[in-house]
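J.: Prediction below, plus the sequence it came from.
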Amino acid sequence: MKPDIDRFLDVAAAYLMMELAPTLGSGYTQSNVGILGMMLAAVREEFDRAASRRVEENRAMRRLFGEAAPVVQDPVLQQRLHEAAQGDEADFAISALERSNASLRQTLIDLQIHVEGIDTPQARRVEEAIWRELAASTERRRLMMGPF
Amino acid sequence: MSSLESRLAAYIASKLPHATDLHVHSLDRIFGGASRETYRFVLSYREGDEELSRRLILRRDPPGSLIETERVVEFGAYRAFYGTAVPVPEALWLEEEADWLDYPFFVMEELHGLESSPQLLLGPPYSDYAERLAEQKWTILGEISKADPVALGLDRVMEAVNPDQCWQRELAHWEKSIDEDELCPQPVIRAAIRWLRRNPPPPAQKISVVHADYRTGNFLYDTEGNIRAILDWEMAHLGDPLEDLAWGLNPVWRWAHDERAGGLARDEDAIRIWEKASGLRADPVALHWWKVFSSVKGQAIWVSSAKEFTEGKNQDLILALSGWLMQNSQDRAVLAELGHLS
């Protein structure tokens, strides 16, 4: 699509925040137009990376599950990890990637709970790997406008 | 006159039986957070030969609410602190029935010509007053923390809690909120919740009134750098005073994008001011627990805001924005507090 979507969103966000919002008398309406402008700026940031960051994150979790599976003592969870580790993305629509991501993140939670209850050096290494992935995931999702 | 103006006028007339020629006008919705619809308006009436006019605020429950809040508690807190060292507007009437304005509401004084925006504080003339505002902000919080809830009468509207149970009650409350409202798994905050349960804090040193949303953005200030009112008491409760201190130190309120809590002061300075004003101690281990907790609570609020907007219960745009912008920052904040953010 031309003009590029990020260009359009840049212009639209700037128009709402810099030109339209200051002309509005009502505090509430003015605030809402400002919020719309901020949201367009956030959409602009997310639009280009939306698929790639989800694919990257899903693959990182699948890799982690493959490495963690031998440490897991619960056979049901171990099987879930094996299956998740062997999967890959077949549909790159954001909604499909988001569904995979939610399923994998729930598995990650279950894995973390499990290894927190195991007192071995291997479990600690898996736990550390999970924290690293959680930090990496948070960085992938970061929005420039976020307050922290 | 709008329908809301005329209905509001009818309500106020019922509260002012000696008033005649009573009018509500200039009703205008203002930005007042997502937990209540907030309107400013002007009330004009005659009492005997005297013509009176007053700027007032209407806080009405919305169809859906970001936070499940008790307006009785909010109204009660305004009433209790009015005229004390904790500046608040005068709260006038509380109406819990939906007959008058479709939803429950209360009316309070408008303190006109003041600002609440955290962003405005970053530029002149306000940026010159950061230290002054910080001194007042955490001194006032110290006053809230050291206040006696029983003497204020707030034990009648706020649920009692034992010092060793404050953390459990608050954590259970906000965890339940996440359980009910999360639209997708939250691994960072779930890990933080388990950490909080494995590492309980010491009992509260006293049971205080906890404002529960005490941060830059929830007070009114003037152009001379004076805090004129503390607002948004809708989550107030009895509990550990460190809950309030930790909430205001959360990195998501670092509006200046530097290390200053609330865009005003470094953590150590805020803590020093609060300790001096309250006569209480911010035990580092306990404060660390409450800082981690503050991110769990914050995330619960953002998760709920995302759900409210997604389900269409409340289409206030601030809910969508907070769902987008704040969830990632909140995860980063708790990762940093737990030492997992490089």
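T.: Everything's here; your move.
J.: what about chain B, any weak spots by pLDDT?
T.: Applying pLDDT under 70 to chain B flags residues B:1, B:33-34, B:64-69.
J.: Residue B:21: what secondary structure?
T.: With DSSP: H, G, I helix; E, B strand; the rest coil as the basis, residue B:21 sits in strand.
J.: so it sits right up against residue B:45, yeah?
T.: Yes - the criterion here is CB atoms under 8 Å, and residue B:21 meets it with residue B:45 at 6.1 Å. (Each C-beta comes from the backbone N, C-alpha and C, glycine too.)
J.: Mind giving me the packing neighbours of the helix ranked longest in chain B?
T.: Secondary structure assigned by DSSP state H gives helix B:284-311 as the longest helix of chain B. Packing partners of helix B:284-311 (3 or more CB pairs under 8 Å, 6 or more residues apart in numbering or on different chains; DSSP states H and E): helix B:166-181, helix B:187-198, helix B:241-249, helix B:317-337.
J.: and these as CSV, adding distance to chain A and mean neighbour count?
T.: As requested, those are exported to CSV (distance: least, CB to the nearest CB, whole Å; neighbours: other CB atoms under 10 Å in any protein chain shown):
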stretch, distance to chain A, mean neighbour count
helix B:166-181, 12, 17
helix B:187-198, 5, 20
helix B:241-249, 12, 26
helix B:317-337, 4, 23
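J.: Relative to residue A:106, which of those helices is closest?
T.: Minimum separation from residue A:106 across the helices and strands packed on helix B:284-311 (CB to CB) falls at helix B:187-198, 8.3 Å.
J.: Residue A:50: what's it in contact with?
T.: residue A:94 (CB atoms under 8 Å, 6 or more residues apart in numbering or on different chains).
J.: Tell me the secondary structure of it, please.
T.: Classified using three-state DSSP, residue A:50 is helix.
J.: residues from chain B in reach of chain A?
T.: Proximity of chain B to chain A, by CB under 8 Å from any CB of the partner chain, involves residues B:28-31, B:184-185, B:187-188, B:190-191, B:194, B:251-255, B:257, B:317-318, B:320-321, B:324-326, B:328-329, B:331-333, B:335, B:340-342.
J.: Could you rerun that using 6 Å?
T.: Within chain B, the positions adjacent to chain A are B:28-31, B:184-185, B:187-188, B:190-191, B:251-252, B:254, B:317, B:321, B:324-325, B:328-329, B:331-333, B:335, B:340-341 by CB under 6 Å from any CB of the partner chain.
J.: what's the angle between the longest helix of chain B and helix B:187-198?
T.: 140 degrees (axes from the mean of the first three to the mean of the last three CA atoms, to 10 degrees).
J.: Off-centre distance for helix B:284-311?
T.: Relative to its chain's centre, helix B:284-311 lies at 14 Å (CA atoms, centre = their mean, to the nearest Å).
J.: Go through it and flag the buried ones.
T.: Within helix B:284-311, the residues that qualify as buried are B:286-309, counting by 16 or more other CB atoms under 10 Å in any protein chain shown.
J.: From chain B, how far off is the residue of chain A positioned farthest from its centre?
T.: Distance from the C-alpha centroid of chain A, by CA atoms, centre = their mean, peaks at residue A:25 (37.5 Å). As judged by CB to the nearest CB, to the nearest Å, residue A:25 and chain B stand 8 Å apart.
J.: likewise residue A:89?
T.: 17 Å.
J.: Could you give the backbone dihedrals for the residue of chain B positioned farthest from its centre?
T.: Distance from the centre of chain B peaks at residue B:49, with 40.1 Å (CA atoms, centre = their mean). Torsion angles at residue B:49 (phi, psi; degrees, to the nearest 10) stand at phi -90, psi 0.
J.: Point me to the helix or strand that includes the residue nearest to residue A:74 when sequence neighbours are not counted.
T.: Of all residues not flanking residue A:74 in the chain, residue A:114 sits nearest, at 6.1 Å (CB to CB, 6 or more residues apart in numbering or on different chains). Here residue A:114, judged by DSSP states H and E, is contained in helix A:94-116.
J.: Please work out how many residues are found near the residue of the stretch 101-250 of chain B found nearest chain A.
T.: When distances are taken as CB to the nearest CB, the stretch 101-250 of chain B reaches nearest to chain A at residue B:185, 4.1 Å away. Residues within reach of residue B:185, counting by other CB atoms under 10 Å in any protein chain shown, total 18.
J.: before we move on, what about residue B:112?
T.: Around residue B:112 there are 8 other residues, counting by other CB under 10 Å.
J.: ok, now the one 4 residues further on?
T.: Using other CB under 10 Å, the number of residues around residue B:116 comes to 20.
J.: Please verify my assumption that it contacts residue B:218.
T.: No - using CB atoms under 6 Å as the test, residue B:116 is too far from residue B:218 to be in contact (7.2 Å).
J.: ok so, going back, between the helix or strand that the helix holding residue A:114 is followed by and helix A:94-116, how many degrees?
T.: Toward the C-terminus, helix A:94-116 is succeeded by helix A:121-140 as the next helix or strand (DSSP H and E). Calculated by the same axes, to 10 degrees, helix A:121-140 forms an angle of 150 degrees with helix A:94-116.
J.: okay, helix A:121-140 in CSV with CA atoms only?
T.: Output in CSV follows, covering the C-alpha atoms of helix A:121-140 (Å, rounded to 0.1, in the frame of the first residue of the first chain):
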residue,chain,number,x,y,z
PRO,A,121,21.2,-27.2,39.3
GLN,A,122,19.5,-28.1,36.0
ALA,A,123,16.2,-26.8,37.1
ARG,A,124,17.9,-23.5,38.2
ARG,A,125,19.4,-23.2,34.7
VAL,A,126,16.0,-23.6,33.1
GLU,A,127,14.6,-21.1,35.5
GLU,A,128,17.3,-18.6,34.6
ALA,A,129,16.6,-19.3,30.9
ILE,A,130,12.9,-18.5,31.5
TRP,A,131,13.7,-15.2,33.2
ARG,A,132,16.0,-14.3,30.3
GLU,A,133,13.2,-15.1,27.8
LEU,A,134,10.7,-13.1,29.9
ALA,A,135,13.0,-10.1,29.8
ALA,A,136,13.7,-10.5,26.1
SER,A,137,10.0,-10.8,25.4
THR,A,138,9.3,-7.6,27.4
GLU,A,139,11.9,-5.8,25.3
ARG,A,140,10.4,-7.1,22.1
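J.: if you look at it, does any of it touch chain B?
T.: Yes - using CB under 6 Å from any CB, helix A:121-140 comes into contact with chain B via A:131, A:134-135, A:138.
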